[in-house]
Structures are given as structure tokens and as C-alpha cells.
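A.B. asks: Sequence first, then the predicted structure, then my questions.
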Amino acid sequence: MEKILVVDDEPSLREVLSIMLKRAGYFVTSVTAGEEAVELVQKEIFDLVITDLRMPKIDGMEVLKAVKSASPETVVLIITAFATADSAVEAMKHGAYDYLTKPFQVDEVQLIIRNALEKRRLTTENMLLKREMASQSSFAQLVGQSEAMQKVFDVVRKVADSKSNVLICGESGTGKELVARAIHYNSARSTLPFVAVNCSAVPETLLESELFGHMKGSFTGAISNKAGLFEIANGGTIFLDEIGDTTPTIQVKLLRVIQE
């Protein structure tokens, strides 16, 4: 349930907004003064703050600044009976979502609130996605504090900045794919595809087609064009696991692709 804070020194409007929002299923807190709101936003995080602009002592503009300082993702809606172009511009400059002039229609407010909360939801999702990507690029999937692992991290950082092909050696189960992913997510290619291929898991008769693709009619059963994994990973990273298990013929073709 989204949390909304209503700030207005006018009792009737504050009550109307609170009742309307509660009926719509929101958790509502209402206060009568800007100083109460400023104190409250330091303790709690709200999804939306609706504040009057003109109030004694601490006005809506100061409330807006306090909210954005405490929780930049919180959406703020300014309402006022004394709208001016300058105050509207200043409110938007400090991060207000919208600027409403009293009196206003209930339907209009409800629509703006729904849109504002949707913006808040998308902002939160975007923030979580960025955190997830940051955790990937900070070796979150690689575990180890030993001196040997620190050297691995150092090598990953160095090769991530390079466009060179990388050979990762190690016993099965030692985390070669994790290292490959760490290289990818720490590189300039991090927003492009990462394609992992277990060469030993693909039948020899299909591996060439999987890697390089084929044209319709190029062999029996090729009923349509097929993009190869190298093409799909274009610009990104392709990780060829168990490459030593491929046939000499495939290895020669892979070598040619890598050299080119």
C-alpha cells in the first residue's frame, strides 16, 4: 500500500484529500504545518507528498526541498490558490512532479496522483535494476578473499578494458563462466549481449550451425535462416565453455573467426 503525506493548513481541504485517498486504498498521513512535514519526512519515507504552497513559517517550497533531500524518489505535488509562473517554475526546478491550482476537480487530482505513483514505481524499479547491474559488475557472483582470488579480480579488471580475446583455464566447476560474466559486466560491452555456450553439450552435427548460423536450404532440415550465436552476441561477449571438447574441424573454424 502506497504511503501519502498530505500537508495543508486548511482543515477542510486536508480532510477532503485524506478521505478521498483513503477510499482509493492509500495509507494517508496528514499534518497541518510545514514544520511537522519536514520533521516527519526525516523519519519516514513516503511514496507521494501533497503540500500546499503558502503556509505559515515553513512553506510548501521548503517542504519540497526537505522531501527531495531526504528521499529523492518521493514524488511531490504542489497545490496553491495563489499560482504564479515564477512559483511554478521554481517548484519544477526543485523537483515537483506537478503544480495544481485551487480549486480543482477531484477526478483531475485522482488522475494526477495515479500517474505520479506510477512514476514513483517505475523510478524504484529502475533504481533496483541499476543496483542489480552494479552488483554484477562489482563481482557479486564471485566469492573469495584469498590472495589468489584478489589476483583474479585484478586480472578481470585489466582484461575487461581490453578488446582482446581471453582464454580462461581451470577445472570443471571452478567458475570459469562467472569470471567470463565478470569480465563482460565490467567492460564497455556490459549493456550488450552475453552469450554462454557449452560446446560439449551441443551435438557435433549441430554445433557449427549453432555457432555460425545457416541459410535456408543450405542442408537437409534447414527450413529457414538461422542466426548463429556469434551473430547474436555481436558487439557483446560470447563465452565458449569446454572448447577443448570440440572437433579439430570446429576448432579451426573458431580460430579463423577469432583471428578475424
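C.D. replies: That came through fine.

A.B. asks: Strands of the stretch 101-250 of the chain, start to end?
C.D. replies: All strands of the stretch 101-250 of the chain, identified by DSSP state E, counting those that start in this stretch, fall at 194-198, 213-214, 226-227, 237-241.

A.B. asks: On the pLDDT front, check the residue nearest to R54 when sequence neighbours are not counted for me.
C.D. replies: If the residues on either side of it in the chain are set aside, R54 comes closest to F82, at 5.8 Å by Cβ to Cβ, 6 or more residues apart in numbering. For every residue, glycine as well, the C-beta is placed using N, CA and C. F82 is assigned 82 on the pLDDT scale.

A.B. asks: Surely F82 touches L53?
C.D. replies: Yes: in this structure, F82 is within contact of L53 by Cβ atoms under 8 Å, at 7.0 Å.

A.B. asks: Show me which of those two is the more surrounded one.
C.D. replies: The residue with more neighbours, out of F82 and L53, is L53; 26 against 10, by other Cβ atoms under 10 Å.

A.B. asks: hang on, isn't the more buried one packed against L64?
C.D. replies: No: checked against Cβ under 8 Å, the pair L53 and L64 is beyond contact range at 9.0 Å.

A.B. asks: which residues do these two both contact?
C.D. replies: By the contact definition Cβ atoms under 8 Å, 6 or more residues apart in numbering, L53 and L64 are jointly contacted by I78, A91.

A.B. asks: Does the lowest-mean-pLDDT helix or strand in the chain pack against any helices or strands, and if so which?
C.D. replies: Least confident helix or strand, the chain: helix 106-137 with a mean of 77, by mean pLDDT, DSSP states H and E. Judged by 3 or more Cβ pairs under 8 Å, 6 or more residues apart in numbering; DSSP states H and E, helix 106-137 is in contact with helix 11-23, strand 48-52, strand 75-80, strand 98-101, helix 176-185.

A.B. asks: got the angle for that helix vs strand 48-52?
C.D. replies: If you take axes from the mean of the first three to the mean of the last three Cα atoms, to 10 degrees, helix 106-137 sits at 140 degrees to strand 48-52.

A.B. asks: from the chain's centre, how far out does helix 106-137 sit?
C.D. replies: 10 Å (Cα atoms, centre = their mean, to the nearest Å).

A.B. asks: That helix versus helix 11-23: what angle between them?
C.D. replies: Using the same axes, to 10 degrees: helix 106-137 against helix 11-23 is 60 degrees.

A.B. asks: Mind jotting down where the helices sit in the stretch 151-260 of the chain?
C.D. replies: Using DSSP state H, counting those that start in this stretch, the helices of the stretch 151-260 of the chain run over residues 176-185, 204-212, 229-232, 248-259.

A.B. asks: Deepest in the core, which of the ones you listed is it.
C.D. replies: helix 176-185 (a mean of 20; mean count of other Cβ atoms under 10 Å).

A.B. asks: In the stretch 51-200 of the chain, where is pLDDT below threshold?
C.D. replies: Counting by pLDDT under 70, the stretch 51-200 of the chain shows low-confidence ranges at 130-141.

A.B. asks: do you know how far E15 is from K22?
C.D. replies: According to Cβ to Cβ, to the nearest Å, E15 stands 11 Å off from K22.
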